[in-house]
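Chemist: sequence-free structure coming up:
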DNA sequence: CTGCTTTTTTACCATTTGGTAAAGTGACGA
DNA sequence: TCGTCACTTTACCAAATGGTAAAAAAGCAG
């Protein structure tokens, strides 16, 4: 069921491993900057330091590369939400989640933009993933938060909008980096300040 | 200095006005969905109900259409921020700004996505606009907010991050609509709930 | 070294895409 | 009614783009 070529039972060679990684890294760079339709195989090939036909030796086509990237992305992207512990202290769990998401905006801006591009354009290649991967987790965690509110541990707000606002505020620094950097010139680490601000924001909202 | 063809001193005819509007509306639809490089003149032509050469009779090319759209967008996009009155009640002014921005996400989602697409891809055709249009306004208004904080009218936070978080949370509902609609199925007007939630969010943050 | 497999390159191709030239059509004032 | 100007269509084109076939080169087990 893999999208990669030669993905039979045989274990991939050292060369395959290395080149697949080079291709995916180059593709992440290009797709995250130009979106799916704006990216070209030639750009990816150049970034990867390989020829275009050579890239098509490793992947079945442009779409296959994109899908592979999105698959790998979803694994890591949902991790921080998974880590939110229903048995932990509610306020601290949520603030820790905000911190982890902010951290990802700093560490993986390309992944954030790849995701943003895909969603912006209607999630044509990711709708299934949203349904089967994100939706159940979202329902589960909003229910947990609702439980915390019902128990009076945190202030009562719509948990869905709470999660949306966490995603929006944290990913903003990666997705809108071009704007942020124009408006805060010479700032060495604007995300540092964001971490402090967002902690205050959600603490004030939720403190019972 | 206009980007449109035949933009001499002569006033545009009725036909020109109608067709330019048709083209720009079609272009907004297509660019906001696919981004600049992903959009094609053929798509725009079809949406506009005109032939491709006919479109190029009214505009100098694909880029000219895009630039025209971005120019018109910036006018309206900054309006809500302009309306924030330094002499009004601080908390109410900011909450009113949040409300206006939320409203725009509901009323003009395509414009929001057009903007988001452009920023996501590094603002290649809008960097000047950000510098000359947005930046001064941003500096002015963050200074106003800082003044309110210094006067003890609202709680003290970094005004820049405050504004970023307002943009992020309000535009999220338009830009990530594909994701939001998957996670809140059957919701007739999710933005209604967002308005309530965001009012609470920023009130709790800023109430002195 | 030898023969076999894996990897890479060269040379293409069909389609799409932004754009143009020029002929044709229509509206409208003199 | 006629000529002029504004608008539209038809027929193209060159470049870019995703993709392929097949030869050449590089690894590598024996």
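Modeler: Looks like it arrived, so ask away. Predicted model only: the values in this text are computed from it and were never measured.

Chemist: touching DNA strand C at all, the longest helix belonging to chain A?
Modeler: Taking DSSP state H as the criterion, chain A has its longest helix at helix A:14-38. Yes. Applying C-beta under 7 Å from any atom of the strand, one finds helix A:14-38 in contact with DNA strand C at A:15-16, A:19. All C-beta spots, glycine's among them, are computed from the backbone N, C-alpha and C.

Chemist: hmm, which of these are the buried ones?
Modeler: Neighbour counting with 16 or more other C-beta atoms under 10 Å in any protein chain shown marks A:16, A:19 as buried within the residues of helix A:14-38 next to DNA strand C.

Chemist: got the contact list for the nearest residue in space to residue A:148 that is not next to it in sequence?
Modeler: Distances taken as C-beta to C-beta, 6 or more residues apart in numbering or on different chains place residue A:90 nearest to residue A:148, at 4.0 Å, with adjacent residues excluded. The contact partners of residue A:90, by C-beta atoms under 8 Å, 6 or more residues apart in numbering or on different chains, come to A:145, A:148, A:153-154, A:206.

Chemist: any of the residues you listed buried? List them.
Modeler: A:145, A:148, A:154, A:206.

Chemist: hang on, the first one packs against residue A:97?
Modeler: This points to residue A:145. No. Using C-beta atoms under 8 Å as the test, residue A:145 is too far from residue A:97 to be in contact (10.1 Å).

Chemist: quick check: which element contains residue A:143?
Modeler: Element membership of residue A:143, judged by DSSP states H and E, is helix A:135-150.

Chemist: please state the offset of that helix from the chain centre?
Modeler: Here helix A:135-150 is found 20 Å from its chain centre; the criterion is C-alpha atoms, centre = their mean, to the nearest Å.

Chemist: which residues does that helix contact?
Modeler: By C-beta under 8 Å, 6+ apart, the residues outside helix A:135-150 that reach it are A:78, A:81-82, A:84, A:86, A:90, A:94, A:154-157, A:159-160, A:162-163, B:182-183.

Chemist: same thing with stretch A:57-71?
Modeler: Here stretch A:57-71 makes contact (C-beta under 8 Å, 6+ apart) with A:3-6, A:16, A:19-20, A:23-24, A:27-28, A:31, A:36, A:39, A:41, A:44, A:55, A:114, A:118, A:125-126, A:129.

Chemist: ok, and does that stretch reach over to DNA strand C?
Modeler: Yes. Using C-beta under 7 Å from any atom of the strand, stretch A:57-71 reaches DNA strand C at residue A:57.

Chemist: got the domain ranges for chain A?
Modeler: If you go by automatic domain parsing, the domain ranges for chain A are A:14-69, A:78-206.

Chemist: downstream of the helix holding residue A:143, the next helix or strand is which one?
Modeler: Per DSSP H and E, helix A:135-150 leads on to helix A:159-175 as the next helix or strand towards the C-terminus.

Chemist: how far off helix A:14-38 does that following helix point, in degrees?
Modeler: 100 degrees (axes from the mean of the first three to the mean of the last three C-alpha atoms, to 10 degrees).
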